[in-house]
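Asks: Sequence and computational prediction follow.
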Amino acid sequence: MLGKIIKKITAPAYTRPMDAGRFEVNNWDLSSFILKKLIPVVGHHPFPLNELALMTAAVAWTRPTHIFEWGTHIGKSARIFYETGRFLKIDAEVHSIDLPDDIDHVEHPHGTRGKLVKGKKNVFLHQGDGVDTALRLYQQRGKNSKPLFYLDGDHSYETVSRELQAILVTVPDPKIILHDTFYQTGEPRYNIGPYQAIEDTLAKFPHLSFNRIDTNTGLPGMTFLYPAK
């Protein structure tokens, strides 16, 4: 039954080509897909509905050939990208990166790493430093690849700054999604590391111009950066 439902909503979930510079997608198609396919598989935590909408919309609009993401954990974000690619008939490879097994971290999934995407076609699991591994894979695939990057590893200011800067100096016109970017302006202030990292890093590259979409209504928050035309 689910297959029949999904088949009825396979109209392209984007309405304006990326080359036009204006971000626009078909929100009705994406909403139906999210509710009928994604929510039963990945739920609404850690990605609430507005973040699921932004993640799927970014894929729909950019139509990437490769998606590089890190902070795999059990594979929820990788599964979102995998299912979105299937729905949109985008033949994109998903490369998901997490820490090596011998590194101790509070969010290290160990034996459950990537369990939601193991065995899925065009999903590849790697271990190593997130951005270093992603950029090495990107460079191996040549200049004709159209990558989408998803940053969701260590949420510290220093780490996000390093990762974002590495992408900006390596990839022409990068499209980047960052997680945990909600910024609390009142007191007590919390979760400001990723937000401030974006602000400060973009300020270091004044010759680059980006459009920005934020789900800044509450935690955890998500930001999509794409080149301004």
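Replies: Now that the structure is in, tell me what you want to look at. Bear in mind that the values here come from a model prediction, so they are computed numbers and not experimental data. Numbers count the residues shown, from 1 in each chain.

Asks: For the residue positioned nearest the centre of the chain, which non-adjacent residue is spatially closest?
Replies: Centroid check for the chain by CA atoms, centre = their mean gives residue 150 as the closest residue, at 3.3 Å. Ranked by CB to CB, 6 or more residues apart in numbering and with sequence neighbours excluded, the top spatial neighbour of residue 150 is residue 69, at 3.7 Å. Yep, even glycine has a C-beta here, placed from its N, CA and C like the rest.

Asks: about what we covered before: close enough to count as contact, the residue nearest to the centre of the chain and residue 64?
Replies: No: when contacts are counted by CB atoms under 8 Å, residue 150 is not listed as touching residue 64 (10.3 Å).

Asks: Quick one: end-to-end length of stretch 135-152, please.
Replies: 15 Å (CA to CA, to the nearest Å).

Asks: tell me the mean pLDDT over that stretch?
Replies: Stretch 135-152 shows an average pLDDT of 94 in the prediction.

Asks: got the buried residues for that stretch?
Replies: If you call a residue buried by 16 or more other CB atoms under 10 Å, then stretch 135-152 has these buried ones: 135, 137, 138, 145, 147, 148, 149, 150, 151, 152.

Asks: CA-only coordinates of stretch 67-80, as PDB, when you get a sec.
Replies: In PDB, the C-alpha atoms belonging to stretch 67-80 read as follows (Å, rounded to 0.1, in the frame of the first residue of the first chain):
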ATOM      1  CA  ILE A  67      26.300  13.800  -0.700                       C
ATOM      2  CA  PHE A  68      29.100  14.000   1.900                       C
ATOM      3  CA  GLU A  69      28.100  13.900   5.500                       C
ATOM      4  CA  TRP A  70      29.700  13.300   8.900                       C
ATOM      5  CA  GLY A  71      28.400  12.500  12.300                       C
ATOM      6  CA  THR A  72      26.800   9.300  11.000                       C
ATOM      7  CA  HIS A  73      25.700   7.800  14.300                       C
ATOM      8  CA  ILE A  74      23.000   5.200  13.500                       C
ATOM      9  CA  GLY A  75      22.500   6.700  10.000                       C
ATOM     10  CA  LYS A  76      19.300   8.900  10.300                       C
ATOM     11  CA  SER A  77      20.600  11.700   8.100                       C
ATOM     12  CA  ALA A  78      22.100   9.300   5.600                       C
ATOM     13  CA  ARG A  79      18.800   7.500   5.400                       C
ATOM     14  CA  ILE A  80      17.000  10.800   4.800                       C
END
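
Asks: on that earlier part again, what residues are up against the residue nearest to residue 150?
Replies: Taking CB atoms under 8 Å, 6 or more residues apart in numbering as the contact definition, residue 69 lies against 77, 78, 81, 94, 95, 96, 97, 134, 149, 150, 151, 152.

Asks: does the residue nearest to the centre of the chain sit in a helix, a strand or a coil?
Replies: Taking DSSP: H, G, I helix; E, B strand; the rest coil as the rule, one finds residue 150 in the strand state.

Asks: list the contacts for it?
Replies: Counted by CB under 8 Å, 6+ apart, residue 150 has contacts 55, 67, 68, 69, 70, 77, 81, 176, 177, 178, 179.

Asks: following the worst-scoring helix or strand of the chain on mean pLDDT, which helix or strand shows up next?
Replies: Ranking every helix and strand in the chain by mean pLDDT, DSSP states H and E puts helix 2-7 at the bottom, with a mean of 42. Next in sequence after helix 2-7, counting helices and strands by DSSP states H and E, comes helix 27-33.
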